[in-house]
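# Sharing a sequence plus its predicted fold:
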Amino acid sequence: MATTNKTMNRNLTPAIRRVAIVGSGMAGLSAGKLLRAQGCDVTLFDKARGPGGRMASKRVTDGAVDIGAQYFTIRNPDFREFLGRFAVDDDNQPSVQEWSARLRYQRADKGWEPMRAAMRYVGVPRMSAITRALSRGLDVRCSTRVERLESTTDSRWRLVDTVGAELGVYDDVVITAPPVQTDTLLKNSGIELAGAAAVFAGLPLEACWALIVHFPKGARAEADGFSFNHTALQWAANNSSKPGRDGDGEWWVLHARADWSEKFRDADPEWIKTELLSAFAMAVDSLGLSDDVTETITHRWLYAKTGFAGEGPGHVWSNSERIGLCGDWLTAGRVEGAFTSAQGLVEAMLGLSSPGGMT
């Protein structure tokens, strides 16, 4: 695979002029930065109020808590270089720092073991700082839901939103939405991409219930994060242990299991809160958990976890249609996977590498 430097220093293929990107999560922003570095006129559209996708943080009384992706690792040197170049604040300071967390996982017999040692990274002062930094310099239009693509007489694509307003005409379209939403957009547009049906089949992203909990005196747990062997609870992390987090007490984030979240997708959030708090208290009682809770926020991610058990196809690109798909759901679901998927798609679009993924 070409490195990021090679990707950014090649001359842009003359045929590529204007590119629309649907979605401004990690994959969309990565694709936007890489294409912009090649001289493309890039516009991103997102139905949310701001960029970031599941690299999301929720405002709380004394700061913000990471409610989506909790941390990430870096295996691809191109990803490290990309973050070092683009994930910086207005003063050119990095928005990424290592999280030296004490993490444990629960065995089948309910005993605890330390997680494998690894370099784990987070955004500072919140996870969304990374995507905010990546969005700088890009034309990101939020609160805009793309309804369909219409083919023009000169073989380009006109984007139309849900109220029928035209959003512009583009040479190429990159779609980074979850598979259910991507499939719907293509069907609304009467488009069948070669290879797309195979990745959509049986692959709706699973839901995930998340709960933010404030312990004003601290939870007094003996680790910063736990991976549970429990029917409901999958993960819990002390957000306050991450670098750059201020505030009193401890803010914890609980993530439910995907199958449990799917089963109770439409349950009352108050019931979800009670169940997850109870599971957390029972599971880590032996570690000294305090039950002193003063504030909670419940959030449901409708599409949170990829269905691919392995690495997945990486991306989908139709050179004839000039439409591509990328996102962490086309890989193994990691934050780094979103970048790698976007990088592979951009290289396919620009002809910078031999065909990869489902090109």
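Received the coordinates, thanks. Numbering: from 1, shown residues only.
# End to end on stretch 162-180, go ahead and measure it.
Across stretch 162-180, the terminal residues are separated by 17 Å (CA to CA, to the nearest Å).
# For residue 191, see how far away residue 340 is.
Using CB to CB, to the nearest Å, residue 340 is found at 25 Å from residue 191. C-betas here are computed from N, CA, C, even on glycine.
# now residue 22
For residue 22 relative to residue 191 (CB to CB), the value is 13 Å.
# Residue 340 and residue 191: who's more crowded?
Using other CB atoms under 10 Å as the criterion, residue 340 and residue 191 rank with residue 340 on top: 26 against 17.
# so how far is residue 220 from the more buried one?
Here the criterion is CB to CB. By it, residue 340 lies 39 Å from residue 220.
# ditto for residue 249
Separation of residue 249 from residue 220 (CB to CB) stands at 11 Å.
# who's more crowded, those two?
The neighbour count for residue 249 versus residue 220, taken as other CB under 10 Å, is higher for residue 249 (18 against 13).
# quick one: pLDDT of the nearest residue to the more buried one once chain neighbours are set aside?
Counting by CB to CB, 6 or more residues apart in numbering, residue 249 lies nearest to residue 216, which is 4.0 Å off, once chain neighbours are set aside. Note for residue 216: predicted pLDDT of 89.
# And residue 312, by the same measure?
With respect to pLDDT, residue 312 has a value of 75.
# Please apply the same query to residue 282.
pLDDT, read off for residue 282, is 81.
# Surely residue 20 is within a helix?
No - counting by DSSP: H, G, I helix; E, B strand; the rest coil, residue 20 is not found in a helix; it is strand.
# what's the spatially most central residue of the chain sitting at in phi/psi?
With distances taken as CA atoms, centre = their mean, residue 54 lies nearest the centre of the chain, 4.0 Å away. When read as degrees, to the nearest 10, the backbone of residue 54 gives phi -80, psi 0.
# likewise residue 196?
Backbone torsions for residue 196, taken as degrees, to the nearest 10, come to phi -70, psi -40.
# ok, the residue nearest to residue 249 - contacts?
Neighbour list for residue 216: 248, 249, 292, 294 [criterion: CB atoms under 8 Å, 6 or more residues apart in numbering].
# I'd like the distance between it and residue 292.
Residue 216 is 7 Å from residue 292, where distance means CB to CB.
# what do you get for residue 197?
Applying CB to CB to residue 197 and residue 292 gives a distance of 52 Å.
# Likewise for residue 20?
For residue 20 relative to residue 292 (CB to CB), the value is 49 Å.
# Looking at these two, which is more packed in?
residue 20 (25 against 13).
# Who does that one form a beta bridge with?
Counting by DSSP bridges, residue 20 forms beta bridges with residue 43, residue 173.
# got it, and residue 253?
Assigned bridge partners for residue 253, using DSSP bridges, are residue 212, residue 237.
# Begin at 618 from now on, thanks
Shifting the count to begin at 618 puts that one at residue 870.
# And the helices in the stretch 618-767 of the chain, which stretches?
In the stretch 618-767 of the chain, helices defined by DSSP state H, counting those that start in this stretch lie at 621-626, 643-654, 694-703, 745-752, listed in chain order.
# Out of those, which is closest to residue 875?
Residue 875 lies closest to helix 643-654 among the helices of the stretch 618-767 of the chain, at 19.4 Å (CB to CB).
# Now do the contacts for the nearest residue in space to residue 732 that is not next to it in sequence.
Among residues not flanking residue 732 along the chain, residue 720 sits closest, at 4.0 Å (CB to CB, 6+ apart). Shown in contact with residue 720 (CB under 8 Å, 6+ apart): 731, 732, 737, 840, 841, 842, 843, 844.
# What is the burial count for the second one?
For residue 732, the number of neighbouring residues by other CB under 10 Å comes to 15.
# before we move on, what about the third one?
Other residues near residue 737 come to 18 when the count uses other CB under 10 Å.
# Correct me if wrong: it contacts residue 713.
No - if you go by CB atoms under 8 Å, residue 737 and residue 713 don't touch, sitting 11.0 Å apart.
# coming back round to it: I'd like to know which of the helices of the stretch 618-767 of the chain lies nearest to residue 767.
helix 643-654 (21.0 Å).
# returning to that earlier point: most widely separated two among the contacts of residue 833?
865 and 909 (12.7 Å).
# residue contacts, the nearest residue to residue 877 once chain neighbours are set aside?
Excluding the flanking residues, the one nearest residue 877 by CB to CB, 6+ apart is residue 849, at 4.7 Å. Residues counted as contacts of residue 849 (CB under 8 Å, 6+ apart) are 873, 874, 877, 892, 893, 896.
# next one: residue 875
Applying CB under 8 Å, 6+ apart to residue 875 gives the contacts 823, 824, 825, 851, 921, 922.
# So, low pLDDT: which residues of the stretch 718-867 of the chain?
Low-confidence segments of the stretch 718-867 of the chain (pLDDT under 70): 819-821.
# just the strands in it please.
Counting by DSSP state E, counting those that start in this stretch, one finds strands in the stretch 718-867 of the chain at the ranges 720-723, 729-731, 738-740, 756-758, 763-768, 774-778, 783-787, 789-792, 823-832, 842-844, 850-855, 867-873.
# closest one to residue 678 among those?
strand 823-832 (7.6 Å).
# orientation of the closest one relative to strand 850-855 in degrees?
Per axes from the mean of the first three to the mean of the last three CA atoms, to 10 degrees, the angle that strand 823-832 makes with strand 850-855 is 40 degrees.
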